[in-house]
Structures are given as structure tokens and as C-alpha cells.
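Asks: Generate a structure from the sequence data that follows.
(one chain, ligands or ions: 1)
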Amino acid sequence: MTPVPDPASAQRRIIHVDMDAFYASVEQRDDPALRGVPLAVGGSRERGVVAAASYEARRFGVHSAMPAVTARRRCPDLVFVRPRFDVYKAVSQQVHAILARYTPLIQPLSLDEAYLDVTAPLLDRGSATAIAAEIRAAIRAETGLTASAGVSYNKFLAKLASNHRKPDGLFVITPRMGPGFVEGLPVGRFHGIGPKTAARMNALGIHTGLDLRAQSRAFLTEHFGKAGDYLYGVARGVDERPVKADRVRKSVGAETTFARDLLRWEEVAPALAPVFAQVWQACTRGGHTGRTVTVKYADFQQVTRSRSGTAPATQTALEQTSLDLLRPLFPPRLGVRLLGVTLSSLDAGPDRDAGQLACRVFREEHHDDDDEDQHGTDREGPRHRRCPHLTRFRIATP
Ligand SMILES: [Mg+2]
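Replies: I've put the predicted structure just below:
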């Protein structure tokens, strides 16, 4: 079988920009004493977790989502600093402003990563590669930080490309290279395949991209449901998902932050009562219905969990689903300082296709990946002011 990239997708020009060891690099930028030392951003206490590790720390095997105890065992000289999310958010906005010079089609994945579609750029530099190079130079000049960039003809390959020459790298995967690039890749390295799915694939004898390509579409759909089509495509270097600049705005959401960290499960439902009320009120007022419930939970980093129903959520379902999604996160390793609830997949119409569903499955999986950094970090970017029981409210519709 000779996989041939779809001609339409071969014409797109996609860039994935990913800041290098983002939280840790910001800390090293702002405090010269931290430069060159193995650094972990996160809680150092007994139950603490590493949110991000500097490259010096990674050489010792320290990585994000690792318990602080393990990290310290691997690297006794590891220096811990508390995260400063306000600063990370500000830098993220600075980077976003740089990206926005080139295209309005920007899809952030987290505070430190985004896809750009530069097929029809605002500033043409002759090639997507030239734009990526200019973006990296601007990020370095204006933030003092390095970013890696991947350039390709779809999102899947652009993300693989940015990771290929990390840190401070630029890599291009051309349509000719695409199918071959995924052949030797372990399935666990595929974006959208989390550790659980990877284990299931391995059990089925699927270890690499080449193994995945040997499977029929029917087989993949049977075993991996809606994600089957996505997997069938990416195994061939084909990924038709568009860069969706407006994705996160098709939702109604509210969140609350706590002056005193929340520790007990019993506190959750009362704390969320005003949040539920606001989300539901806005839905009623705007005539919205939605099928996807997303909860946001933050201790030192943000975690989101989503679940979609087949029918629009009722008020009771919204509340019950939110609590069901949060329950497994308790007791928390650290105190919880923020909780949020969002209803999306609003006014689901006939345009909801399998592609969108696959995309959602894929995003949920992503939360379980041990990614570069930003483990389990919220896609929309956190809001981090700490105010006593301040409930923030946001409504955005297409
Ligand atoms: Mg990164």
C-alpha cells in the first residue's frame, strides 16, 4: 500500500509553536540564580508534584506530573520554585500577539502551544518555514524565551515536527516526508493517543505507525470508536482537522476561586452552587442548550475533564455530570483554589460530524499525555487572581 496524502490537505500550511520548558524557562529568565541549575516548578512538599522541569532537571529524568518525592530522589540538587501563573499568562498573551501578526487562525492548545494556519497569511514571507523562523526570532527578541516550531501540511505532523528538534528548534515535514515520518513512531508518541490507548494498542500488536497503518478503518473504528477515522488518517500522514480559532468560545462557563484552598469533597457542591446557577441562568437567557460538560479544577496546575451526553443537558444533568467528573480528583494532592464548569457543544445542529467528535476524544486523551510540559493544563488559559469567593463569569457564543 502506498499512502498518498490528500491533495487538499497537502496544500495547507500549518505551524505548531511550542515554548520550550515554558514555566521553568520563565523562572530562569526572571531569576539569574536559577539559570543552569536543575529546576522544578511546582510543590516541593511531600505530596507536591512537578508542573514543569527545566532541561537541566530533565537530564536527571525529572519530568512534569512526577511526584516531588520521586523528582528529588532522581535529582538531589533539584531546586523547587512555586509557580507564578499570572506571569506565565502574561507571557502567553505576548506570544499570542506575535502569532496574531501572521494569521487570525490561531488555535491555542495550552498557555505555551498553538497551531497556526498560514495558508493565506496576513504577512507573507514566501513560505510557512520563513514565517516560523520569523516567529521564533520575534519570541526570543520580545520575551527572552525560546520556542520550537514545526511546519507541515496538517496539525498532526506540525506538532510532531515541533517536538523533533526541541529545544529551540525548527523542523519541516513536507508532504513527501509525512507518511514515512509516522512509520517508525511508537503509537504512544502520537498526539491524541494517551497511555491507556497506547497500552490497548500494544495489546493488539500495534506498536508503531506502520503497525497502525496495517489496520483497516473498520478495525480501528471497532476498537477505538469515533477516534478510528482519525487514527486511520494520521497513520498515513493525513489529518483533515482544521485549525479552529473559535473553538473555545462556543461555550457558557463560570468559575470560582477560593481565598482559602478547598480540601474536602463535602465542600465542593456548596462551592459550585453559584457557578451552576450562573451557567444555567445564562443558558436559559440565551436560549442555549449544550451536550458537553467540562469541569476545571486547579491546585498548582489546571486540569479539565469533559463528558458529552447524547441529548442536551438538563440543569440536573449539568450539576450531576460536573460532580461525577470532579469526584475522582478528590482528595486533592494540594488544596484546590479554583473550580469551574462549562457547557459546550451548544445548540448542536446538523454540522456536528464524526470529525468533531474524534477531535474531542483526542483532546480528552491529550490531558492524560505526559506532554512536554503543561501537563493537564487548561486549553483556554487559566485565570489566576485569588479573590475571596469571586465568581467569574463568561459567556461566548459563535
Ligand atoms: Mg512547551
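
Asks: and Arg72, what is it in contact with?
Replies: The contact partners of Arg72, taken as Cβ atoms under 8 Å, 6 or more residues apart in numbering, are Ser44, Leu78. Every C-beta, even on glycine, is put in place using the N, C-alpha and C of the backbone.

Asks: run the last query once more with 10 Å
Replies: Ala40, Ser44, Gly48, Val50, Val62, Met66, Leu78, Phe80 (Cβ atoms under 10 Å, 6 or more residues apart in numbering).

Asks: can you list those in CSV and add pLDDT?
Replies: Converted to CSV, the contacts of Arg72 look like this (pLDDT from 0 to 100):
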residue, pLDDT
Ala40, 96
Ser44, 75
Gly48, 83
Val50, 91
Val62, 96
Met66, 90
Leu78, 96
Phe80, 95
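
Asks: So that I can see them in ChimeraX, could you write out a selection of the buried residues among these?
Replies: Buried members of the contacts of Arg72, defined by 16 or more other Cβ atoms under 10 Å, are picked up in ChimeraX with:
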select :40,44,48,50,62,66,78,80
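
Asks: of the contacts of Arg72, closest to the ion?
Replies: Val50 (14.3 Å; Cβ to the ion).

Asks: In which helix or strand does the closest one reside?
Replies: Assigning secondary structure by DSSP states H and E places Val50 in strand 50-53.

Asks: Dump the C-alpha coordinates for that strand into CSV.
Replies: Extracted C-alpha coordinates of strand 50-53, given in CSV (Å, rounded to 0.1, in the frame of the first residue of the first chain):
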residue,chain,number,x,y,z
VAL,A,50,6.3,18.8,39.3
ALA,A,51,4.4,21.1,37.0
ALA,A,52,7.4,21.7,34.7
ALA,A,53,11.1,20.8,34.7
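
Asks: Averaged pLDDT, the helix or strand following it. What do you get?
Replies: Where DSSP H and E defines the elements, the next helix or strand beyond strand 50-53 is helix 55-58. For helix 55-58, mean pLDDT is 97.

Asks: Send me helix 55-58 as PDB with only the CA atoms.
Replies: Extracted in PDB, the C-alpha atoms of helix 55-58 (Å, rounded to 0.1, in the frame of the first residue of the first chain):
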ATOM      1  CA  TYR A  55      16.200  20.900  30.700                       C
ATOM      2  CA  GLU A  56      18.900  20.600  33.400                       C
ATOM      3  CA  ALA A  57      16.400  18.700  35.500                       C
ATOM      4  CA  ARG A  58      15.200  16.600  32.700                       C
END
